[in-house]
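# test case, fold it:
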Amino acid sequence: MSDALAAIPVFGGLDEEGLSNLSRGMRIRRFRRGETVFHVGDPGDALFIVMSGSIKITLPADSGDEAILATLRPGDFFGELALLDGAPRSATAIAIEATETYVLPRDRFRDLIATEPVMRDALLATMAAEVRRLTHHVEELHFLDITGRLASRLARLANESGATPQPDGSIRLAGPLTQGDLAAMIGCTRQSVNKLLGMFTDDGLIRLERDRIVVLNLDGLLHAAHR
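Have a look, this model is predicted:
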């Protein structure tokens, strides 16, 4: 477990002893596709680190709709806000696919923040990056039309995928990724996403696969986002 934790940015600065102490305080939890990790309003009792699979952080509505705030992949963590301020969970976390997480209890998390400056600095840097990402998302919602929001989100997903571009420059987005997910990310209907994906396909910007999207022209998507 220590080797796996060392590869995660927020823990990367810990020495061998620190990683060993960290791993002893952790347990493993696995979630099925579609299983809820926690609900908005639940008490915050642990930090979760994604080791495999993916998690979506959402704000559910009474109507059954949801707004997807973030999609997390291996190496990402979530649940830290409730541990820092003691307030209930501010969002719902759901496994997009079969997912394995490491779970760090609240007391151990707070001990590490107090005693390991490198981890505290890494946590602050990660949270600052998340605030910047959310600020950019709000900017998109206010100033871009639906076409621009979808093009911008696909371009961002391509940049965040970590995938090495193919020789032809194409980038296969991490998945599974449904039209409903995209609609919940940019604040529109699934039908609108379906129409726009067809338009982007016709323009040679993307290729649709069974549960994946392949970006064929990243520069073209960025241009579509701001034209």
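# which residue is the nearest non-sequential neighbour of residue 222?
Once flanking residues are discounted, residue 222 sits nearest to residue 155: 5.1 Å by Cβ to Cβ, 6 or more residues apart in numbering. Heads up, the C-betas are built off the backbone N, CA and C, glycines and all.
# and the pLDDT at that neighbour?
pLDDT, residue 155: 93.
# what does the domain assignment say about this structure?
Per automatic domain parsing, the domain ranges recorded for the chain read 2-139, 144-226.
# just put the ones you listed in TSV and tack on mean neighbour count.
Listed next are those as TSV, based on neighbours: other Cβ atoms under 10 Å:
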stretch	mean neighbour count
domain 2-139	16
domain 144-226	17
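# the chain: strands as residue ranges?
Remark: strands assigned in the chain by DSSP state E are 27-31, 36-38, 46-52, 55-60, 66-72, 77-78, 92-95, 99-105, 171-172, 206-208, 213-215.
# what are the pairing partners of the fifth one, and which direction each?
Here strand 66-72 has these sheet partners by DSSP bridges: strand 55-60 (antiparallel).
# neighbouring contacts of the strand it pairs with?
37, 40, 48, 66-72, 76, 78, 91-96, 99, 101, 181, 184 (Cβ atoms under 8 Å, 6 or more residues apart in numbering).
# could you do stretch 78-87 as well?
38, 43-44, 46-48, 50, 55, 57, 70, 72, 88-90, 93, 106, 109-110, 123, 127.
# so where is this protein shaky, pLDDT-wise?
Scanning the chain for pLDDT under 70 picks out no residues.
# gap between stretch 34-41 and the chain center?
Mean-position distance between stretch 34-41 and its chain equals 15 Å (Cα atoms, centre = their mean, to the nearest Å).
# can you give me the end-to-end span of that stretch?
19 Å (Cα to Cα, to the nearest Å).
# which other helices and strands contact the longest helix belonging to the chain?
Criterion DSSP state H: the longest helix present in the chain is helix 117-143. If contacts are counted by 3 or more Cβ pairs under 8 Å, 6 or more residues apart in numbering; DSSP states H and E, helix 117-143 sits against strand 66-72, helix 106-115, helix 146-160.
# angle of it against helix 106-115?
Taking axes from the mean of the first three to the mean of the last three Cα atoms, to 10 degrees, helix 117-143 and helix 106-115 form an angle of 100 degrees between their directions.
# okay, angle between helix 117-143 and strand 46-52 too, please.
Inter-element angle recorded for helix 117-143 and strand 46-52: 80 degrees (by the same axes, to 10 degrees).
# out of the strands of the chain, which gets nearest to residue 7?
strand 46-52 (9.8 Å; Cβ to Cβ).
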